[in-house]
Structure formats: C-alpha cells, structure tokens
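Novice: Pasting the sequence and the predicted model now:
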Amino acid sequence: MDRSRITAAVPEATFVRDAAAVAGSDVVVVDLARHSGDVAAIRAAAPDALIVAFGPHVDEASFATAQRDGADRILARSQFFRDVRTAIA
C-alpha cells in the first residue's frame with residue numbers, strides 16, 4: 001500500500017532494499033518502521049541526498065536515531081502521506 005501511494009505521487013520513484021543501491025540518488029525516503037537502522041548506511045552511500053524518514057509518531061527512539069544518523073527530514077507517517085510530493089520537495 002505504501003508503494004502505491006508513493007508511486008501515485010512520484011511516478012519516477014524507485015524502490016530498493018539495499019542501502020548501497022541509493023548511491024547517486026537525489027532523494028531517499030526511509031520507512032522507519034521497517035528500516036530504522038539503515039539511515040547511517042544510506043547517508044554513507046548517498047552523502048548529498050535529501051533523506052526523508054517517516055514512521056509512527058510515537059516512535060521517538062527511531063526518530064532520534066534517524067536524526068543522529070543523518071536524516072534531513074523526519075515526519076510522522078500521517079504527515080508524510082498527507083502530501084508525499086511536498087514531503088520530499
């Protein structure tokens with residue numbers, strides 16, 4: 001369901017499972033509920049990318065870890081999906 005909502009807003013989106021696959025990306029979106037431990041590896045693979053992370057609003061630990069590891073923007077899931085295109089702009 002998340003993929004379809006993201007693809008509807010950003011048709012050119014590409015989905016990867018390996019952090020190294022984001023090398024050269026301009027924007028990387030991270031679902032903290034599934035990949036909270038990947039932000040540091042993503043930052044290393046794509047040092048100039050805008051990293052937008054989203055997750056459950058009650059998961060303060062994942063938000064703090066994502067910020068520490070280099071996420072540029074961290075949003076509650078509801079905020080992110082309210083307007084995906086704006087969230088990644």
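Specialist: Ah, there it is. Numbers count the residues shown, from 1 in each chain.

Novice: Please report the distance of the closest residue to residue 52 other than its chain neighbours from residue 18.
Specialist: Closest residue in space to residue 52, ignoring its immediate chain neighbours: residue 73 at 4.6 Å, by Cβ to Cβ, 6 or more residues apart in numbering. Yep, even glycine has a C-beta here, placed from its N, CA and C like the rest. With distances taken as Cβ to Cβ, to the nearest Å, residue 73 is found 22 Å from residue 18.

Novice: Quick one: residues contacting the nearest residue to residue 84 once chain neighbours are set aside.
Specialist: Here the nearest residue to residue 84 in space, its sequence neighbours aside, is residue 9; by Cβ to Cβ, 6+ apart that works out to 3.7 Å. Counting by Cβ atoms under 8 Å, 6 or more residues apart in numbering, residue 9 touches 83-85.

Novice: all strands of the chain, in order?
Specialist: 27-31, 50-55, 73-76 (DSSP state E).

Novice: For the ones you listed, could you give me TSV that also reports mean pLDDT, distance to residue 44 and mean neighbour count?
Specialist: Converted to TSV, the strands of the chain look like this (pLDDT from 0 to 100; distance: least, Cβ to Cβ, whole Å; neighbours: other Cβ atoms under 10 Å):
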stretch	mean pLDDT	distance to residue 44	mean neighbour count
strand 27-31	93	12	20
strand 50-55	94	11	22
strand 73-76	96	18	18
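
Novice: okay if I get the ones you listed as JSON lines plus distance to residue 4?
Specialist: Listed next are those as JSON lines, based on distance: least, Cβ to Cβ, whole Å:
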{"stretch": "strand 27-31", "distance to residue 4": "14"}
{"stretch": "strand 50-55", "distance to residue 4": "16"}
{"stretch": "strand 73-76", "distance to residue 4": "19"}
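
Novice: For residue 38, which of those is the nearest?
Specialist: Proximity to residue 38, assessed across the strands of the chain by Cβ to Cβ, is greatest for strand 27-31 (6.4 Å).
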